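Student: could you look at this predicted model? Sequence included:
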Amino acid sequence: MKFRILIADDERNIREGLGEYFRMEGYETILAADGSEAIAYADQGDIDLVISDLKMGQTGGMDVLKHISSRYPSIPVIMLTGHGTVEDAVSAMRDGAYDFITKPVNMEHLLLLTKRALDRKVLAQRNQELLQEIESNKKISSIIGRSPAIKQIFELLKKVAPTKANVLITGESGVGKELVADALHNLSNRSDKPFIKVHCAALAESLLESELFGHEKGSFTGAAGRKKGRFELANEGTLFLDEIGEINPSVQIKILRVLQERRYERVGGEQTLETDVRIIAATNRDLKEEINKGSFREDLYYRLNVVNIHVPPLRERKEDIAILANAFLQEFARENSKTIEGLEAKAKASLYAYAWPGNIRELRNCMESAVVLSSNNIITLEDLPPNVRGAGDSSSIKLPLGISMNEAEKILIAETLAANSGNKSRTAEILGIGRKTLYQKILDYGIELENSPQAE
């Protein structure tokens, strides 16, 4: 990175001499003949540091310092002063100057101060970026996982959330689509505005339109008064339409109009209302297939699907099973006033072997059941539901009689690696050993690793 330094001094020789010196040291320089010119350059932006003479006629160095400190506090200012104005320089330090140096200028000392000031500025910027990253991670901490698929979703969330783009979240039931919607809102510029959720499949067709758009008194039987709809309640915020594939064609048309015109009417009303709302929709259906069937409008699909976030099923991201299971175990252990330290190796192997048709929701229920039924501080195979326990049976290993312990261990490690596509982290977890220990045993036994992208 090449830093740009603004140098302000009304003495031409000093100004140009400093400029030439810093250019030779690899910096870009901008030269200003007085304080007014320096302030004008600073307002144009892209300045990393200012070196300014204290005395420069009508608009002096103190004016430059006050302007920079108030408007651009991250830009360090080094003041140059004559011997008779040291007290003024100390006053400048109190007003926010990084440091001061007396004339005649010791160039090596000035260069050292410059490097320190820029280093501190870069460090402050990195700390700020780190704080922002930590804050962003807090807002998506409800999404648990470390698989490549989940990491990709994290990156996509951070890119998409600050925009106004509508988002369609797709995936099977139970994969955590609502958590993704929560994260999108929390990371957005609308996070302090309403976040309204509508489960479209849970409402009867006759009620969904009223729920979304509101209704006027007497508009239908039972409409005893005016009711605000979810679009109205979510104004300036986010509206999450869960299971959007379940809505009927007549409501689809009205949602399309809102997306196109930002306008709608309450049921039974004549007043046209305007709304500023971001739409996040989710579905477990293949909407393209629904379009081919004629049950979902193609134009609405493209309005909703500006950005698609697909959440893969748990069986396609088995790296996340252990971390999810442990998180659920601790949650339910606290709820039930128990101490649970984790899962035994056989129980872990069964979790990995099971297909999880109900995805994360099913895993969560499984861990709650295991905590309730367990009488130990370790979840055993017997604590798991029968269908999950049975999944491990098909992945058993047969060892011939008469082999040595070392040979048995080699077979166990090799078979477990093969069952997990060469993923060493997952294998180490299942076997209950550290990764370094596993690596050493692989080398000692000469086990050939599967050439798989999941192996690392």
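Tutor: Here it is on my side, so go on. Residues are numbered from 1 along each chain as shown.
Student: I figured T81 was touching P104, is that so?
Tutor: No - under the criterion of Cβ atoms under 8 Å, T81 is not in contact with P104, lying 11.5 Å apart. Quick note: C-beta positions are derived from backbone N, CA and C, even for glycine.
Student: with neighbour numbers in mind, choose between the two.
Tutor: For T81 versus P104, neighbours defined as other Cβ atoms under 10 Å are more numerous around T81 (21 against 9).
Student: does E236 touch E274 like I think?
Tutor: No - E236 is beyond contact range of E274, at 11.2 Å (criterion: Cβ under 8 Å).
Student: quick one: buried residues of stretch 110-120?
Tutor: 110, 113-114, 117-118 (16 or more other Cβ atoms under 10 Å).
Student: for whichever strand or helix holds N365, name the packing helices and strands.
Tutor: Using DSSP states H and E, N365 sits in helix 359-373. Judged by 3 or more Cβ pairs under 8 Å, 6 or more residues apart in numbering; DSSP states H and E, helix 359-373 is in contact with helix 321-335, strand 378-379.
Student: ok, now with 10 Å
Tutor: Applying 3 or more Cβ pairs under 10 Å, 6 or more residues apart in numbering; DSSP states H and E, one finds that helix 359-373 makes contact with helix 321-335, helix 345-353, strand 378-379, helix 386-391.
Student: helix, strand or coil for Y302?
Tutor: When classified by DSSP: H, G, I helix; E, B strand; the rest coil, Y302 comes out as helix.
Student: mean neighbour count for the helices and strands packed on helix 359-373 - can I get that in JSON lines?
Tutor: As requested, those are arranged in JSON lines below (neighbours: other Cβ atoms under 10 Å):
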{"stretch": "helix 321-335", "mean neighbour count": "17"}
{"stretch": "helix 345-353", "mean neighbour count": "21"}
{"stretch": "strand 378-379", "mean neighbour count": "19"}
{"stretch": "helix 386-391", "mean neighbour count": "15"}
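Student: what's the closest of those to E429?
Tutor: helix 321-335 (5.3 Å; Cβ to Cβ).
Student: average pLDDT for the helix or strand following that closest one?
Tutor: Following helix 321-335 in sequence order, the next helix or strand is strand 342-343 (DSSP H and E). Averaging pLDDT along strand 342-343 yields 85.
Student: list of residues touching strand 342-343?
Tutor: For strand 342-343, contacts defined as Cβ atoms under 10 Å, 6 or more residues apart in numbering pick out 322, 325-326, 329-330, 348-351, 367, 370, 377-381, 383-384, 429-430, 432.
Student: cool, stretch 12-26 as well?
Tutor: With Cβ under 10 Å, 6+ apart as the criterion, stretch 12-26 contacts 2-5, 7-9, 11, 27-33, 49, 51, 53, 80, 103-105, 107, 110-111, 114-115.
Student: can you select the buried ones from those in ChimeraX?
Tutor: To isolate the buried members of the contacts of stretch 12-26 in ChimeraX, using 16+ other Cβ under 10 Å:
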select :3,5,7,8,9,27,29,30,31,32,49,51,53,80,105,110,114
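Student: dump the helices and strands packed on helix 359-373 into a markdown table; add distance to D299 as well.
Tutor: Putting the helices and strands packed on helix 359-373 into a markdown table (distance: least, Cβ to Cβ, whole Å) gives the following:
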| stretch | distance to D299 |
| --- | --- |
| helix 321-335 | 38 |
| helix 345-353 | 43 |
| strand 378-379 | 50 |
| helix 386-391 | 43 |
